[in-house]
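Undergrad: I would like the atomic coordinates for the input below:
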Amino acid sequence: MGKKAQQKKEAPPQAVAVQAAYDALPDTLAALAPFATYKRMGVSLRFASAQELSVSQLAWVMATLKRRVQSCMRTLDAYAHALCPRRSNMEPVFGAQAWPAQERTRRKDAVAADARYLFAHDDTPVPAGAPEPPPLGFVHYRFVVEEDVPVLYVYELQVTGTCGKAACARRPLPATRLTRSALALRHRAEAARGKGLGRFLMLFVEMLAKRSPGGIGGVMLTIQRANARALDFYVSKCRYSMDEISPAKTDPFAEADEYDYDIFSKLFTDEARKTLRRRGAEARVHNAMAA
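TA: Modelled structure (predicted):
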C-alpha cells in the first residue's frame, strides 16, 4: 500500500500578509509614483526602487555603511565603557577596527532576497560625458512578521552627499567646464543635507506600508541607545515611540550593558497594538521570573 499523501500545511495568516505585500509591491510603488518626487529649498530629487542591487549600487551602499559605522562606533564604544567601566580587558572596537567585524553581516543583509530599496537621486541633468553621480540617500526595508504582527521593518536609512566643498577644492582636477559642472552637481548633492530628505524617505515607506495589501500593521526600526541624533530624529521629527516589545520594556531589570538598542514603531491598527502589547507583557513576565 502506498504512503498517504501528506497534507500541505497552510501558511500562517501573518506570513500570507507579508507575501501579499511583496507580490503587490510593483503595483503599490506604481500607485505611489506621483509622490516619488522631492522639491524643496532649491533641491530637486527623483526616487528609484530596487530589489536586486547592481554592482555599483552595492559598492555605494557598502561604502556608505562603512563610513557610518566607522564614524559612530566611537560614540557607541564610549557609551558601553560608561555603562561598564570594567570592560578595560576587552579590545575597543571603533573607527577603522569597527568595519571588519560588521562587513560580512552588513553585506549579507544588503543582498538578502527579501531586501528592498528606495534610492534618492539628484534630478539635475548630468552634463554630456560626465559620470552619473551617486545617490544622495537610501532606505533599506523589508516586510517581516514581528511577534505575530506583519510590519514593514526599516533596516537602514542613510542620507549623504557625495563630497564637501573643501574636499573638492583640494583635489588636483583641471578647471574645465565639465569639471566645474560635475563639482556643481556634487555640491548641490551635499546641499540636500538638512532639507528633510530623511523625513521624506520615512513618510514614503509609511505610505508604502499603509497601501500594501494583507494588513501590514505598521513600521518598525531599531535605534542604538547611544545614537542621540537618531533617537531625536525618529521620536521628535518622525513621531515614532518605543514599542512594547523593546528590551527597555520587556526586560527592565537587565544589566545596563546587556542591551545597546531599543525597538521603535509607528503602528496603524488596533489589532497590531493589542498583539504587541500582549507579547510585550508575556516577555516581561518571563524575564521577571528568570531574573
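Undergrad: just the residues contacting stretch 30-45, thanks.
TA: 29, 46-47, 120-124, 136, 188, 191-192, 195-197, 200, 204, 207-208, 211 (Cβ atoms under 8 Å, 6 or more residues apart in numbering). Placement of C-beta: from N, CA and C, glycine included.
Undergrad: centre-most residue in this structure?
TA: The centroid of the chain falls nearest to residue 156 when counting by Cα atoms, centre = their mean (1.9 Å).
Undergrad: average model confidence for the helix or strand encompassing that one?
TA: Using DSSP states H and E, the element containing residue 156 is strand 149-159. For strand 149-159, mean pLDDT rounds to 94.
Undergrad: number the residues from 18 up from this point.
TA: I'll keep to 18 as the first residue from here, and by that count the last item is strand 166-176.
Undergrad: which SS class is residue 131?
TA: Classification of residue 131 using DSSP: H, G, I helix; E, B strand; the rest coil returns coil.
Undergrad: render the CA-only coordinates of the strand or helix carrying residue 47 in CSV, please.
TA: If you go by DSSP H and E, residue 47 is part of helix 42-48. These are the backbone C-alpha positions of helix 42-48, laid out as CSV (Å, rounded to 0.1, in the frame of the first residue of the first chain):
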residue,chain,number,x,y,z
LEU,A,42,4.9,45.8,-4.3
PRO,A,43,5.3,46.8,-8.0
ASP,A,44,1.6,47.9,-8.2
THR,A,45,1.9,49.7,-4.8
LEU,A,46,5.0,51.5,-5.9
ALA,A,47,3.4,52.5,-9.2
ALA,A,48,0.4,53.9,-7.3
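Undergrad: how far off centre is that helix?
TA: Relative to its parent chain, helix 42-48 has a centroid offset of 20 Å by Cα atoms, centre = their mean, to the nearest Å.
Undergrad: list the buried residues for stretch 292-303?
TA: Across stretch 292-303, burial judged by 16 or more other Cβ atoms under 10 Å covers 292-293, 296-297, 300-301.
Undergrad: list the contacts of it.
TA: In contact with stretch 292-303 (Cβ under 8 Å, 6+ apart) are residues 163-166, 234, 260-263, 266-269, 282, 284.
Undergrad: out of those, which sit inside strands?
TA: In this view, these that belong to strands under DSSP state E are 163, 166, 282, 284.
Undergrad: what bridges to the first one?
TA: With DSSP bridges applied, the residues forming beta bridges to residue 163 are residue 166.
Undergrad: now do the one 10 residues further on
TA: Applying DSSP bridges to residue 173 yields these beta-bridge partners: residue 157.
Undergrad: what sits against it?
TA: The neighbours of residue 173, taking Cβ under 8 Å, 6+ apart as the test, are 82, 155-157.
Undergrad: which stretches of the stretch 168-308 of the chain have low pLDDT?
TA: For the stretch 168-308 of the chain, the stretches with pLDDT under 70 are 178-211, 308.
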